[in-house]
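Enquirer: sequence plus predicted model, see below.
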Amino acid sequence: MTGVPHASRSTATLVLQLLLWAWLIALSVATVISFRVAGDLAGRQQLDAAQAQVKQLDTRVAELAEAIEALQAMPEAATAAALHGIRQSLNARLGQIEQALSERATTDALTAVRSELDLVKARQAARSSATAQLRSTRPAAAAAQKEPIPFQVIGAELRAGQRSLSVAPAGVGWSPAQIQVVLPGETVGQWRLDAIDGKTAVFRLGEQTRRLAIP
């Protein structure tokens, strides 16, 4: 006769362990979901759904607590069958919780992908802006290259066996006193005489090059 009370106590102990396990699952799920959605107004509906699941678990645990008294009064065979049903119920509920967490993880992954796409779009916009700015500066540079050179070549002569140029201000209103003799390597204003090539004088200003005919 002592075997039956001992079996009942063992059964009650196992049920209490299952009850504690269910509480731990509920607390763990509540903690994880609270941390994942805290401060996220867009995830308010998901937080409400998670809290509803926790409340359902709380209700289930309360039902298990009520079942303890009934299990203690049951015969040993009936108690074993009831415990099997409880295990199946807990396993099913745990599967639902894991699926909910998996869906939440998928949502976080999509959010991360959207953030990465936004970053790529921002970089592309910055590159497009830089390209447009570069294109806008190129016409200005081209216009600067088309500016007329501020002097003209009026002749060439030899000085100490080296060819030199005679240059005067551009236009027709210059006087003999304004004539300047220039050797290769010397400058006229900002323009440097780079070379004298036959009937052509080569002047350079930075990246710009002018080839002027020698009369």
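Expert: Okay, I see it.
Enquirer: can you show me the helices along this structure?
Expert: Secondary structure of the chain by DSSP state H: the helices cover 3-37, 44-73, 76-145.
Enquirer: and the second one, average pLDDT?
Expert: For helix 44-73, the mean pLDDT works out to 67.
Enquirer: ok, now the first one?
Expert: Looking at helix 3-37 alone, the average pLDDT works out to 62.
Enquirer: the longest one too?
Expert: The predicted model assigns helix 76-145 a mean pLDDT of 67.
Enquirer: could you list the domains of the chain?
Expert: Structural domains annotated on the chain: 3-124, 151-213, as defined by automatic domain parsing.
Enquirer: what is the rounded mean pLDDT of the shortest one?
Expert: Model confidence over domain 151-213, given as mean pLDDT, is 90.
Enquirer: what is the end-to-end distance of that domain?
Expert: In domain 151-213, first residue to last residue: 12 Å (C-alpha to C-alpha, to the nearest Å).
Enquirer: partner residues bridging R204?
Expert: For R204, the beta-bridge partners under DSSP bridges are R192, T209.
Enquirer: doesn't W191 make contact with it?
Expert: Yes: using C-beta atoms under 8 Å, R204 makes contact with W191 at a distance of 7.1 Å. For every residue, glycine as well, the C-beta is placed using N, CA and C.
Enquirer: these two: who's more crowded?
Expert: When R204 and W191 are compared for neighbours, W191 comes out ahead with 21 against 14, by other C-beta atoms under 10 Å.
Enquirer: quick one: neighbours of the closest residue to that one other than its chain neighbours, just the number.
Expert: The shortest distance from W191 to any residue other than its chain neighbours is 4.5 Å, reached at F203 (C-beta to C-beta, 6 or more residues apart in numbering). For F203, the count of nearby residues is 24 (other C-beta under 10 Å).
Enquirer: and F203, what does it touch?
Expert: By C-beta atoms under 8 Å, 6 or more residues apart in numbering, the residues touching F203 are 149, 188, 191-194, 209-212.
Enquirer: the residues you listed, buried ones only, as a ChimeraX selection?
Expert: Of these, the buried ones can be selected in ChimeraX as follows, counting by 16 or more other C-beta atoms under 10 Å:
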select :149,188,191,192,193,194,212
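Enquirer: and the contacts of F203 as a markdown table, adding distance to A130?
Expert: Listed next are the contacts of F203 as a markdown table, based on distance: C-beta to C-beta, whole Å:
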| residue | distance to A130 |
| --- | --- |
| I149 | 33 |
| V188 | 37 |
| W191 | 32 |
| R192 | 33 |
| L193 | 38 |
| D194 | 34 |
| T209 | 28 |
| R210 | 31 |
| R211 | 34 |
| L212 | 37 |
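Enquirer: which one of the contacts of F203 sits closest to A160?
Expert: Nearest to A160 among these: L193, at 16.1 Å, using C-beta to C-beta.
Enquirer: roughly how far does that closest one sit from L205?
Expert: The spacing between L193 and L205, counted by C-beta to C-beta, to the nearest Å, is 11 Å.
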